[in-house]
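Trainee: Okay, sequence plus prediction incoming.
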Amino acid sequence: DGYSTSVTRCAALGSENRVGVNWEAEWRPVTSEWLAGLAAVLRWRVTRAPLDPETVKTFSWRGVGRLLWQAVRTGEIRLPSAVVQGRWVLTLDEEVEDGAAGRVILAEESLSLVDLASASRLRNRRVAQDVAEWLDVARRPEGV
């Protein structure tokens with residue numbers, strides 16, 4: 001629920017036919033749906049809080065209690081959100097005759113959390129599970 005995508009930056013790269021596009025996908029993990037439901041019933045304002053992929057976190061009911069107590073006091077609850085950030089580098093055909101932009105002839109993609117995992121810096125298990133879930137759902141190969 002609450003899945004959204006956005007382009008966070010778009011810029012020409014050196015030559016006229018290469019473009020860099022930074023993007024982000026964000027959603028509320030299923031594990032926090034009950035908190036979102038509680039917030040709706042109690043009319044708390046909900047803010048999203050992306051998890052830090054480089055910090056080890058462990059679940060505790062004490063932490064949930066602190067989260068709820070803070071929400072009771074302020075009327076606002078900070079719910080964890082899953083975020084995947086990536087970058088496309090698009091290479092375009094040369095300009096076509098009427099001045100319109102050319103077709104995409106090459107698209108290269110990198111995902112920041114995959115890069116962190118490759119560098120052994122992805123330490124938050126929940127973030128790793130969110131990325132795996134996103135890859136399974138959003139990047140499923142055709143026919144699967």
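Mentor: Here it is on my side, so go on. Numbering: from 1, shown residues only.
Trainee: show me the contacts for residue 28.
Mentor: Contact partners of residue 28, counting by CB atoms under 8 Å, 6 or more residues apart in numbering, are 1, 2, 36, 48, 79, 80, 81, 82. All C-beta spots, glycine's among them, are computed from the backbone N, C-alpha and C.
Trainee: and these, which are buried?
Mentor: 36, 79, 80, 81, 82 (16 or more other CB atoms under 10 Å).
Trainee: ok, so of those residues, who is nearest residue 103?
Mentor: For the buried ones among the contacts of residue 28, the residue nearest residue 103 by CB to CB is residue 82; the value is 32.8 Å.
Trainee: Tell me if the closest one really is in a strand.
Mentor: Yes. Per DSSP: H, G, I helix; E, B strand; the rest coil, residue 82 lies within a strand segment.
Trainee: pLDDT score for it?
Mentor: At residue 82, the model reports a pLDDT of 90.
Trainee: check contacts around it.
Mentor: Counting by CB under 8 Å, 6+ apart, residue 82 touches 26, 27, 28, 29, 50, 51, 127, 130, 133, 134.
Trainee: Now, those that are in helices?
Mentor: Counting by DSSP state H, the contacts of residue 82 place 127, 130, 133, 134 in helices.
Trainee: want to throw those into JSON lines with pLDDT, distance to residue 15 and neighbour count?
Mentor: Listed next are those as JSON lines, based on pLDDT from 0 to 100; distance: CB to CB, whole Å; neighbours: other CB atoms under 10 Å:
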{"residue": "127", "pLDDT": "89", "distance to residue 15": "35", "neighbour count": "24"}
{"residue": "130", "pLDDT": "87", "distance to residue 15": "35", "neighbour count": "23"}
{"residue": "133", "pLDDT": "85", "distance to residue 15": "37", "neighbour count": "15"}
{"residue": "134", "pLDDT": "86", "distance to residue 15": "32", "neighbour count": "18"}
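Trainee: Nearest to residue 102 among those residues?
Mentor: Nearest to residue 102 among the ones in helices among the contacts of residue 82 is residue 134, at 30.4 Å by CB to CB.
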